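Chemist: quick one, fold the following:
(2 chains)
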Amino acid sequence: MRSPNDWVSLLETVPDPEIPVLNVVEMGIVRSVECPGNSIIIKITPTYMGCPAMDAIADDIQAKLGPIAMEESKTLRVELVYSPAWTTDWLDDAAKAKLEKYGIAPPVKTSDKRALQGEPSEIHCPHCKSKDTRLVSLFGSTACKAHYQCNSCSEPFDYFKCI
Amino acid sequence: MNARCEYLLRLGDDALILGQQLGLWTGHGPVLEEDIALTNIGLDQIGQARAWLTLAGRFEGKGRDEDQLAYFRSPAEFRNAQLCERPNGHFGDTIARQFLFDAYATELHAGLCQSEDSDIAAIARKSAKESAYHFRHSRAWMIRLGDGTEESHHRIQQSLNEILPYAGDLFHTDAVAASAASEGWGIDPSSLRDPWNSHVEEMLKESGLMRPESTSERTGGRIGQHGEQLSQLLEEMQVLPRTYPKAEW
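Modeler: Purely as a prediction, here's the structure:
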């Protein structure tokens, strides 16, 4: 009989479909795991309201963990919650290091209002580590990223938007 | 129909119709980055619409979900502001429409974060982050185009002149809006006009654009009065689920 913590460990084997270098727990998408009676309820929250990966994430969790739940004669349900709103503050240093290694510049500031509206100042190129970078577009390859280019090595790269 | 359902339909329909319009930019953006930007913003709007409409369906109490509300209502049943259904036009037209909406949405969502309805507050807190980011984008473009070349200035001024009268619906007040404010689960949109105006004034100052002289407002969206543009948009959006009501994907 698995405890909620055991289920969290299993969730750590489910990668984020868009950023497979992080799993859904590291992304901060998994908000809680409860095991009342014969059910397992996993609550997930979207990074962005329209994130098209949410359905895929719920399906991935169900596909991977559903059969394990069935072995214990339990039903597993994935629920979507909006509160508290997802923030990049939930990415810890280890997750940020993985992002950078993967070629995505991690969010640099805490998600205060200033960071949302102002230009983030110190974005390193994930490739050559230069600070001489420029914003190409506020919007990038997925809802959670912006598009940057390095002036030193000329490589374009994604920056994980700070919200 | 109860006030909260009606109020949520307005929020949901604004986001849905604007999101659908922005989606039409897919593959048509003036540059790749803006193609991606406009469609990303559209995606956020659709996400917000899903949340508001799901909640609207719950308060309606007839068992209708987000899909049923989006796909099986006729134009006269839609409660979006006329601003949101205005045609995309050229890039400047879309940006001017987006700017007026984003300036309103940032204030709306910030206000709704205080809602006594915990579901409304939760969706608002999530949406507030997104609308602030959208506002940063559309505001920057208003300034860039207004303060750009002679041609860009002239064209964005035209866009602003044409779209501004349609902002009227955003501040529409009636019994529904009054209930929202007095019962504490929403805010009366008429209270957003002043903060919205400050955003517009600041933008005008930085961009060198002028407020058009005639600003007699067009209203009616909140009571189901819409232009033919909405019928065309819904026809395209609804044709599949209406033809195959049980289709799933």
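Chemist: who touches the residue of chain A most remote from its centre in this structure?
Modeler: In chain A, the residue that sits farthest from the middle, by CA atoms, centre = their mean, is A:Ser73; the gap is 30.4 Å. When contacts are counted by CB atoms under 8 Å, 6 or more residues apart in numbering or on different chains, A:Ser73 touches A:Asn38. Quick note: C-beta positions are derived from backbone N, CA and C, even for glycine.
Chemist: can you check A:Ala95 too?
Modeler: A:22, A:26-27, A:106.
Chemist: B:Glu85 now?
Modeler: Counting by CB under 8 Å, 6+ apart, B:Glu85 has contacts B:17, B:21, B:221, B:226-227, B:229-230, B:233.
Chemist: which of the three states applies to B:Ser127?
Modeler: Secondary structure, DSSP: H, G, I helix; E, B strand; the rest coil: B:Ser127 is helix.
Chemist: my guess is it contacts A:Met49, does it?
Modeler: Yes: in this structure B:Ser127 lies within contact range of A:Met49 using CB atoms under 8 Å: 6.5 Å.
Chemist: distance of A:Asp60 from A:Glu18?
Modeler: According to CB to CB, to the nearest Å, A:Asp60 stands 12 Å off from A:Glu18.
Chemist: thinking again about what came up before, so, if you compare the contacts of A:Ala95, which one comes nearest to chain B?
Modeler: Using CB to the nearest CB, A:Met27 comes nearest to chain B of those, at 15.7 Å.
Chemist: residues touching the closest one, list them.
Modeler: A:16, A:19, A:47, A:90-91, A:95.
Chemist: mind listing the helices for the chain?
Modeler: I'll assume chain A. Along chain A, counting by DSSP state H, helices occupy A:4-11, A:53-71, A:93-102, A:113-117.
Chemist: can you look at chain B instead?
Modeler: B:3-23, B:32-60, B:66-71, B:82-85, B:91-112, B:118-146, B:150-163, B:175-183, B:193-207, B:228-243.
Chemist: burial count for the closest residue to A:Ile29 other than its chain neighbours?
Modeler: Once flanking residues are discounted, A:Ile29 sits nearest to A:Ile44: 5.1 Å by CB to CB, 6 or more residues apart in numbering or on different chains. Neighbourhood size, A:Ile44 [other CB atoms under 10 Å in any protein chain shown]: 21.
Chemist: picking that back up, export the helices of chain A to TSV and tack on mean pLDDT?
Modeler: Below are these laid out as TSV (pLDDT from 0 to 100):
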stretch	mean pLDDT
helix A:4-11	95
helix A:53-71	94
helix A:93-102	94
helix A:113-117	51
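Chemist: and of the ones you listed, who's closest to B:Ser159?
Modeler: Each of the helices of chain A has some distance to B:Ser159 by CB to CB; the shortest is helix A:113-117, at 23.4 Å.
Chemist: do you know how far the closest residue to B:Leu8 other than its chain neighbours is from chain A?
Modeler: Nearest non-adjacent residue to B:Leu8, counting by CB to CB, 6+ apart: B:Ala56, 3.7 Å away. Note on B:Ala56: its distance to chain A, by CB to the nearest CB, to the nearest Å, is 15 Å.
Chemist: what residues are shared contacts of B:Ser127 and A:Met49?
Modeler: Counting by CB under 8 Å, 6+ apart, the residues touching both B:Ser127 and A:Met49 are B:48, B:51.
Chemist: which of those two has more neighbours?
Modeler: Applying other CB under 10 Å to B:Ser127 and A:Met49 shows that B:Ser127 carries more neighbours, namely 29 against 26.
Chemist: pick the one among the contacts of A:Met27 closest to chain B.
Modeler: Distance to chain B, by CB to the nearest CB, is smallest for A:Thr47 among the contacts of A:Met27, at 9.9 Å.
Chemist: now do the phi/psi pair for that closest one.
Modeler: In terms of degrees, to the nearest 10, the main-chain angles of A:Thr47 are phi -70, psi -50.
Chemist: and it, how many neighbours does it have?
Modeler: Residues lying near A:Thr47 (other CB under 10 Å) number 26.
Chemist: tell me the pLDDT of the residue nearest to B:Leu69 when sequence neighbours are not counted.
Modeler: Spatial nearest neighbour of B:Leu69, chain neighbours left out: B:Leu53 (4.7 Å); criterion: CB to CB, 6+ apart. Looking at B:Leu53, its pLDDT stands at 98.
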